[in-house]
Every structure is written in structure tokens, then in C-alpha cells.
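> Requesting a structural model of the entry that follows:
(2 chains)
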Amino acid sequence: MQAPALTVEHLTKRFGDRVAVDDVSFTVAAGEVFGFLGPNGAGKTTTVRMLGTLIAPTSGSAVVAGLPLAPANGVEIRQRIAVMPEAPGLYLRLTVAENLEFFAGLYGIRDPNRIRDALEAVGLQARADDLAGNLSKGLRQRVGLARALLTDPAVLFLDEPTSGLDPVATRDVQRLIDGLRDRGVTVFLTTHRLEEAERLCDRVAILNTTLRTIGRTDELRDRMFRKRLLVTTRAPLPDAASVLDGLPGVTGWEANGSSQYEIAVTDAKLAAPAVARALVAAGADILSLGEARHSLEDVYLELISEDVEATGR
Amino acid sequence: MNTERIGAVVRKELRDFRRNRFLVATMAILPFVFLISPMITLLRIPASAPASLVDRSVGVTSLLLFVVPAVIPPIMAAYSVIGERDQGTLEPFLTTPIRPDELLLAKAFAVFVPSVLVAYGIYFAFAIAVRFGATHAVGAAVWHTPQMLAQLVFTPLIATWAIWVGIAMSVRARDVRVAQQLATLASLPALGITTLITFRVITPSVQLAVALAAALLALDIRAWRFVSKLFDRERLITGTRAQPS
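Here you go, the predicted model:
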């Protein structure tokens, strides 16, 4: 079994009296696209900076790309990973190719094909000789990604890669991240775009100074919300209780409007056929019957609103 | 020490300077303007002037020439680290494998090259103008071997000192303007020794020049180590100092 790309144990960071990250633990498997979600100020960027050896944890430990997170390993860890901060941070008076040449030099990459390949991966070969200052924000973000791909990193940290981008540029960057998954790159993606995380990530963690939850999005939904069927009939059922009570897999129900029913179930696959048969037998015309879906946004809002209620922040 | 990483930074910096030629050119203008008046004075000294007047006038002008390597580099050096932060490039830069001592040495070298070239350029322009425009006595005083040696040796050493002062300010200051102002002020004491030589309080000789040059070189090397220790990634990125666990 392949070793995890990242192992984080009880990581904590304080700035003076303020706790930015509190006792956070998780692992990220090699080749996984891992989403790190949370509101502004939740500690996402601080976590990336700690794992990227830019700032030192106050306590806790981590293994990054196979190396313990320690000052002595800083150079070697940074050699193995790539970090793309929220702002791409390009030298605007240098061309795209010159920007990449500079970073290639810092990583000891001598093969000029690597620059060409990185530009090709982000679709910017034709803009290699353009000054970075003349590029749009979306294109600069792509150059930032190309820079991160130069080194073929063991772990790629992307901090809000689509922040501030228009929908087209956002879609382009998301496609590139999808492409990274296909190449087997381990991606640690911090974002507060929930639909982006839901679409791109194998697993997500929700952080709000402490780690609030972690798992696959469907697991999180199941963990946080009861499974339900939503049924709409043409006319209200005259005696819904006699139809729905006691059906296999059904644990409860409630009318939601005149002819809509929300049915709590233990297993939707078991309950749905039984509910359908019972409704047909009772002479009801079924307009729709389906499992209620909760989005990652529902999970996120539920957790964060709990925090707001608890702490008032 | 990884020379490849140092080379990458130096190439990037010099490329950036080339794309922004006004940066170096405008910095050379001010010291050059300050030299015009004493140079005219030298050119107008009559052949009958006493030797003491010639010596004093040449001494003052030489001192002003030492201002060039002391004044040009700190402004560029003070920008070197905090400027990266201001333009948003510091964080990606620091996520690479480069070590602080490598980064600072590369930044220093990149400032050193144009600064010393400009300082030598101004000096030779001055010396040639005096050679052909001033009296024989004044020309001989300027083209006097110890005088020239002092200029040639101490210009890079003063520049290096000024660069480390500038970089130290750049590593610690929170604002580019503050870093540049402080760096310029803090690099001026380096002129003390050259002032003593220029006014013959210390009699210039080859041995003395070598000894002082060695001392300044040692100071410059120690300054590199000292400034490397001042470099705090966390403070530069977050504005707060790393706290012990």
C-alpha cells in the first residue's frame, strides 16, 4: 500500500493570542484530490503555509511527501512539493517563459522541454513570449499552475485557484485540475467554492479553525442528514397514514404542502419501490418520486451555522 | 550553497533591471549632478594655485565620488525583499527550495553589478574630464596611484556594505519607502574611513589600502551571515514573528 502523501497530526498554529488552526489531523492519500473548505479566516491558507514550510506550526506534526515537517527538511520538502498561492505572483516585466525559467532554475531543472510541457499542459504555448503583465487574471492563474507543474510535484497545493476568476476562466482552471487527477497528481485544494469542491474532490475536509468534518461528500451528506424520499401526487392522499405507515424501510413521514410528502427512510433503494407500490395500490397518481439530495453546500452551511451559533462568529 | 539557484535569481534580477532601465539610470543622475559643482571648481583651479588648495579640492571631490557606491545600492537593495512582498511574488518565491543565504547573496550580487558599474562609470568620466580639462597639478592629484587605488578598491567594498545595509532594512521593514530611507542613512557611516583617507588623516598607502580592504571585506562577509539570520520567512509572509513551540 502506498504511503499517504500527507499525514497531519494535531497541527496547531497561534499568532499571539489568536488561534488560527487548532488541533487539526487528517491524511491525504497519494493521487487523491483533497478539498480543504472553510469560511474566510478559517485557517486554510495558514495550514497550506505550514505544510509548505513557509511558517512553523506552534505544535503538532506532519509528514509531507514522505518527510517529517521540520526546519531541517524545509529545502527537501519544498523540492518535492509545489504551492500555488491565491495570487499567482508572477514577475510582470518578465515573459511567461522567463517566469518559468526562473522557477525551473530554483528547482534545478535544466531540461527546457519541461517548460514547454508545463505550458502545453495549461494551453499557453502560444503565449510563452508574452509579458506576464499583459496577461488577463485567468491567464496569469494558468501560468501559476504551469509553474506549479514544472517540478512534477509529489503534492500540489492549490490555494483558492479560482478566486476572483470569471466563469470561463474558472471552468478552464477546473478542467486543468481534473487533468491533474488523471495524471495521478496529489492535489490539496483549498477553496470556498463548494460546487467546485464537490465536482473535483475525492474527499473534503471542512475547517473552521478546528476540523469540523472530513470524508467523501456523499458520506458527509449521509452522516449529517436523514435519508428521505420526496413524493408528489396529483391529489392529496385521503388517508396518508394508512398508505405510508409500516412500509419496509420507512421510519416516518410528513406532508409538505397539500400533495407532497417527505418520507424518512433507512435505505432509499429498499423503501422507494415499496412506497411506489403502496401509492399505486391506494389509487394515487404519482407525479414524482425521488430521493432528496443534499448538496455539499447544505453540509457546509449546517456545520458553519452550528459554529456561528456556538461562538457568535 | 547551490550556485544554480543563486544564478537563477541573479539572471532574473538583472533581466528585471534591464526591462526597467530608468531604475539604474535615474539613481545615477543625482550623485552625478552633485559632482558637477566640485568638478567645475577643479576645472577652474589655476595652474598657479597652491598645492594645499589642489589637495583639498581633489579630496572633497573624491569624497563625493565615494557617495555614489554608498547611495545607489541601498535604494535598490532595500527594495529587494520587501519589494517582492509588495508585488506579491515573495510567497511563491519562498515556496521553492531556495535557502535564505542563497536568496540574499543572489539579491546582493544582482544589485552589486549595476551599482559598481555606475559608480566606476561616474568615476572614470570624472577622471577623464579632469585629465583633459584641468591643470596638470589637478590632473596629477586625481590620477595619483593611491587615490585611484582607493577609488577602485573601496568602491565595490562600500557598495557591498551599502547593499547589506539595504537588504537588512528590506528584510525587517514593513514598508518599501521606510526601508529605502533607512538604508540610505545607515550606509553613510561607511564613508568615515574614506573621509579620513581623502583628507589624509590616515596617510594612504598600498599596505593601508589592502588592510582596510581586507577589513571591509571581512565585514561584508559577516554582514551577509548576519542578514541571513535576520531573514524570517514567517515574519515576511504573515507580518508576525515565528513563536517557539
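> going forward, measure contacts and count neighbours with C-alpha atoms only.
OK.
> Find the helix or strand that the spatially most central residue of chain B is a member of.
Centrality entry for chain B: nearest residue to the mean C-alpha point is residue B:159, 2.3 Å, by Cα atoms, centre = their mean. Element membership for residue B:159, per DSSP states H and E: helix B:145-172.
> Can you give me the buried ones in that helix?
By neighbour count with 16 or more other Cα atoms under 10 Å in any protein chain shown, helix B:145-172 contains the buried residues B:146-151, B:154-172.
> Now do the helices in chain A.
A:44-51, A:74-80, A:96-106, A:112-121, A:137-149, A:167-182, A:194-200, A:217-224, A:240-244, A:268-281, A:296-311 (DSSP state H).
> Over to chain B?
Using DSSP H, helices in chain B cover B:3-19, B:21-44, B:51-80, B:82-86, B:90-94, B:100-133, B:136-142, B:145-172, B:176-187, B:191-198, B:206-230, B:233-238.
> Go through the ones you listed and pick out the most buried.
For the helices of chain B, the largest average neighbour count (mean count of other Cα atoms under 10 Å in any protein chain shown) is found in helix B:145-172, namely a mean of 25.
> Tell me what angle that helix forms with helix B:206-230.
10 degrees (axes from the mean of the first three to the mean of the last three Cα atoms, to 10 degrees).
> Mind checking the pLDDT average for stretch B:76-95?
For stretch B:76-95, mean pLDDT rounds to 91.
> Need phi/psi at residue B:50.
Note on residue B:50: its backbone torsions stand at phi -70, psi 150 [degrees, to the nearest 10].
> What is the neighbour count of it?
11 (other Cα atoms under 10 Å in any protein chain shown).
> which residues of chain B score low on pLDDT?
B:187-188, B:190-195, B:197-200, B:202-206, B:240-245 (pLDDT under 70).
> so who does the residue nearest to the centre of chain B touch?
B:69-70, B:73, B:112, B:115-116 (Cα atoms under 8 Å, 6 or more residues apart in numbering or on different chains).
> ok, now with 6 Å
Going by Cα atoms under 6 Å, 6 or more residues apart in numbering or on different chains, residue B:159 touches B:69-70.
> residue closest to the middle of chain A?
Looking at chain A with Cα atoms, centre = their mean, the centroid-closest residue comes out as residue A:35, 2.5 Å off.
> Output stretch A:187-201 as CSV, nothing but the C-alphas.
C-alpha atoms of stretch A:187-201 as CSV (Å, rounded to 0.1, in the frame of the first residue of the first chain):
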residue,chain,number,x,y,z
VAL,A,187,-3.8,17.8,-5.1
PHE,A,188,-4.6,19.7,-1.9
LEU,A,189,-7.2,22.2,-3.0
THR,A,190,-8.3,25.0,-0.6
THR,A,191,-11.5,26.7,-1.8
HIS,A,192,-14.7,28.2,-0.6
ARG,A,193,-16.4,27.3,-3.8
LEU,A,194,-18.4,24.4,-2.7
GLU,A,195,-19.7,23.3,-6.1
GLU,A,196,-16.0,23.2,-7.2
ALA,A,197,-15.0,21.0,-4.3
GLU,A,198,-18.0,18.7,-4.9
ARG,A,199,-17.1,18.3,-8.5
LEU,A,200,-13.4,18.0,-8.3
CYS,A,201,-12.5,16.4,-4.9
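> Could you dump the helices of chain B into a markdown table and include distance to residue A:221?
Formatted as a markdown table, the helices of chain B follow (distance: least, Cα to Cα, whole Å):
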| stretch | distance to residue A:221 |
| --- | --- |
| helix B:3-19 | 48 |
| helix B:21-44 | 58 |
| helix B:51-80 | 50 |
| helix B:82-86 | 41 |
| helix B:90-94 | 36 |
| helix B:100-133 | 46 |
| helix B:136-142 | 85 |
| helix B:145-172 | 48 |
| helix B:176-187 | 49 |
| helix B:191-198 | 71 |
| helix B:206-230 | 49 |
| helix B:233-238 | 36 |
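> closest one to residue A:77 among the ones you listed?
helix B:90-94 (12.2 Å; Cα to Cα).
> Residues in contact with that closest one: which ones?
residue B:84.
> do stretch A:126-135 as well
In contact with stretch A:126-135 (Cα under 6 Å, 6+ apart) are residues A:92, A:94-97.
> Which positions in chain A make contact with chain B?
A:55, A:58-59, A:75, A:78-79, A:89, A:102, A:105-106 (Cα under 6 Å from any Cα of the partner chain).
> least confident pick among the residues you listed?
The minimum pLDDT among these falls on residue A:89, with 90.
> quick one: contacts for that one?
B:88-89.
> thinking again about what came up before, make JSON lines from the helices of chain A and add mean neighbour count and distance to residue A:262 to it.
Below are the helices of chain A laid out as JSON lines (neighbours: other Cα atoms under 10 Å in any protein chain shown; distance: least, Cα to Cα, whole Å):
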{"stretch": "helix A:44-51", "mean neighbour count": "24", "distance to residue A:262": "37"}
{"stretch": "helix A:74-80", "mean neighbour count": "20", "distance to residue A:262": "51"}
{"stretch": "helix A:96-106", "mean neighbour count": "23", "distance to residue A:262": "56"}
{"stretch": "helix A:112-121", "mean neighbour count": "18", "distance to residue A:262": "47"}
{"stretch": "helix A:137-149", "mean neighbour count": "24", "distance to residue A:262": "44"}
{"stretch": "helix A:167-182", "mean neighbour count": "16", "distance to residue A:262": "35"}
{"stretch": "helix A:194-200", "mean neighbour count": "17", "distance to residue A:262": "25"}
{"stretch": "helix A:217-224", "mean neighbour count": "16", "distance to residue A:262": "16"}
{"stretch": "helix A:240-244", "mean neighbour count": "16", "distance to residue A:262": "11"}
{"stretch": "helix A:268-281", "mean neighbour count": "16", "distance to residue A:262": "12"}
{"stretch": "helix A:296-311", "mean neighbour count": "15", "distance to residue A:262": "17"}
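> Residue A:231: which of these is closest?
helix A:268-281 (9.0 Å).
> residues from chain B in reach of chain A?
Counting by Cα under 6 Å from any Cα, the residues of chain B near chain A are B:5, B:8, B:88-89, B:96-97, B:234, B:245.
> pretty sure residue A:170 is touching residue A:160, no?
No: at 10.8 Å, residue A:170 and residue A:160 do not qualify as touching, with contact defined as Cα atoms under 6 Å.
> For residue A:211, list the residues it contacts.
residue A:24.
> and it, how far is that from residue A:30?
Counting by Cα to Cα, to the nearest Å, the separation of residue A:211 from residue A:30 is 21 Å.
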